[in-house]
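A.B. asks: pasting a predicted model and its sequence here:
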Amino acid sequence: MCQTPAAKKSSSAVRQFTWAEIDESRPKEFNVKGASTKGPVYIVIDGKVYDVGGDFVRWHPGGAVIISQMGKDASSAFEVFHPESAYETLANFYVGDLKDGEPSKQNDFAHEIKQLRAKFEKAGYFKSSKLFYAYKILSNLALLSASLGTLAYLGNNLVGIVFAAVCMGLFLQQCGWLAHDFLHHQVFENRAINNAFGYVIGNVAQGFSVAWWKNKHCTHHSAPNIHQQDPDIDTMPYLAWSEHALELFSDFKDDTVARFLVSRQSILYFPILSLARIPWALHSILFVLPGHSECVVSDPTMLLIERSTLAIHWVWYLGTAFYFLSPLHALLYILLSQTVGGLFLASVFSLNHNGMSIYDDVTGKDIEFYQLQVDTGRNVTPTHFNNWFTGGLNFQIEHHLFPTIPRHHIGKTAPDVMAVCKKYGIPYHSTSFSGGIQEVVSRLGVIGKMSVKIAQMKQ
């Protein structure tokens, strides 16, 4: 089990901190593997200052996400990600208070979002329907049964293989949304039970490591669309989402392939999406193998669970394909199901934030946490199909503000969120599914043309 780092030594006199001191403590560079800092690193939560330096990142149950909050006011982020019990643990790292007269980073908009949270808790929106999730599990199993049953009944029939592959692709996608719900602790109050379901649905059924996903997804929630912090927009050399990403061409000794892809990215977008699941699955496996530079899982038991459950996934997935089909047809089925699953997953991911505002570390540092979630998010018009296909993530703005509200309640929060955004003049963006795709492709086209102009200027 992970042990809490030694508590900071208390002092009779409470130290007073300025924002300049807190900002100065931010590490300029940070290596997650074996991460530790030589000196203190501060964050502010509700006016109190905590030291998250030393070995904190290696110990932190949430992983490397804490890096994105170093040197900042993390009040809203802490509230979003942690249960009430975490405040007791947090007290171990208390080192002082924010100095009187230092400006608050918690604006009126943030305070009203917190009031909405209290309102939604009172209304019962944070309580899940176990019947709903039982239905979701059974409907996913129906997709799996349709895929494997078709292979068993029709064998090497090409039409049957295509149908079975589409069903399997949908199964993989829908398992992604279901694991997402459990791992955001939307279903049960007991986090260990949520995590257990997450391992079965995420690792065994879908083939994505829970540890890899949490490390990636929690950081995305903490710093959405912040250049070189949000892993969801770290897609070079395949896709560039902003002018900031074009600076990364210099990271390649030979950037010929990267420039070719980026200059044509609006055309290559869907082919790239269709292949997205394959590198995700590979990275997920590598993440929990010995020596991976980003893996912060140090508990041998958890690593054993990660590795064994991922192994079970690939045994049943590959085993059934080659059991029912000839080797050539099995490879076709695997390629098609991975392509369909990747396209269906990535098309939803890209709608959530891609093509919206992107900030670098300097411009994004002082944007209030809740405001950043709204400014970088895109909702997709609710319909029965959109709600199902996206796993409720078409309410992306509300999900980022209240990630532990179950998907069957999240749409109820939208009118109140829209009203508060309107009150403070914060843009709240919602569009149709096709309209969102057009916005994403248009943005890719703009950045692609920009890359060509920059290349021409350097010639």
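C.D. replies: Received it, and whenever you're ready, just let me know what you need.

A.B. asks: ok but residue 96 is inside a strand, no?
C.D. replies: Yes - counting by DSSP: H, G, I helix; E, B strand; the rest coil, residue 96 is located in a strand.

A.B. asks: now do the contacts for residue 244.
C.D. replies: Residue 244 sits next to 227, 228, 358, 360 when contact means Cβ atoms under 8 Å, 6 or more residues apart in numbering. (Each C-beta comes from the backbone N, C-alpha and C, glycine too.)

A.B. asks: can we see that at 7 Å?
C.D. replies: If a contact means Cβ atoms under 7 Å, 6 or more residues apart in numbering, then residue 244 has 227, 358, 360 as its contacts.

A.B. asks: am I right that it is in a strand?
C.D. replies: No - counting by three-state DSSP, residue 244 is not found in a strand; it is helix.

A.B. asks: domain assignment for this structure?
C.D. replies: For the chain, automatic domain parsing gives the domain ranges 15-106, 107-459.

A.B. asks: mind telling me which of these the model trusts least?
C.D. replies: For the domains of the chain, mean pLDDT drops lowest on domain 15-106, to a mean of 82.

A.B. asks: what about that one, how long is it end to end?
C.D. replies: Terminal residues of domain 15-106 lie 21 Å apart, using Cα to Cα, to the nearest Å.

A.B. asks: please apply the same query to stretch 373-385.
C.D. replies: Note: stretch 373-385 ends 25 Å apart using Cα to Cα.

A.B. asks: buried set for that stretch?
C.D. replies: Neighbour-count burial for stretch 373-385, with 16 or more other Cβ atoms under 10 Å as criterion, is recorded at 373, 374, 375, 376, 377, 378, 379, 380, 382.

A.B. asks: centre of the chain versus it, how much separation?
C.D. replies: In terms of Cα atoms, centre = their mean, to the nearest Å, the centre of stretch 373-385 is set 16 Å apart from its chain centre.

A.B. asks: residues in contact with that stretch?
C.D. replies: Under Cβ under 7 Å, 6+ apart, the answer for stretch 373-385 is 224-225, 351-353, 356-357, 386, 390, 394-397, 400-401, 411, 421, 426-433, 436.

A.B. asks: show me which of the residues you listed are buried.
C.D. replies: Of the contacts of stretch 373-385, these count as buried by 16+ other Cβ under 10 Å: 224-225, 351-353, 356-357, 386, 390, 394-397, 400-401, 411, 421, 428-430, 433, 436.

A.B. asks: mind listing which of those are in strands?
C.D. replies: Among these, the subset assigned to strands under DSSP state E consists of residue 430.

A.B. asks: do I have it right that residue 320 meets residue 147?
C.D. replies: No - under the criterion of Cβ atoms under 7 Å, residue 320 is not in contact with residue 147, lying 8.8 Å apart.

A.B. asks: so where do the helices sit in the stretch 51-200 of the chain?
C.D. replies: 56-59, 75-81, 86-90, 108-123, 130-154, 158-183, 191-198 (DSSP state H, counting those that start in this stretch).

A.B. asks: good, wrapping up.
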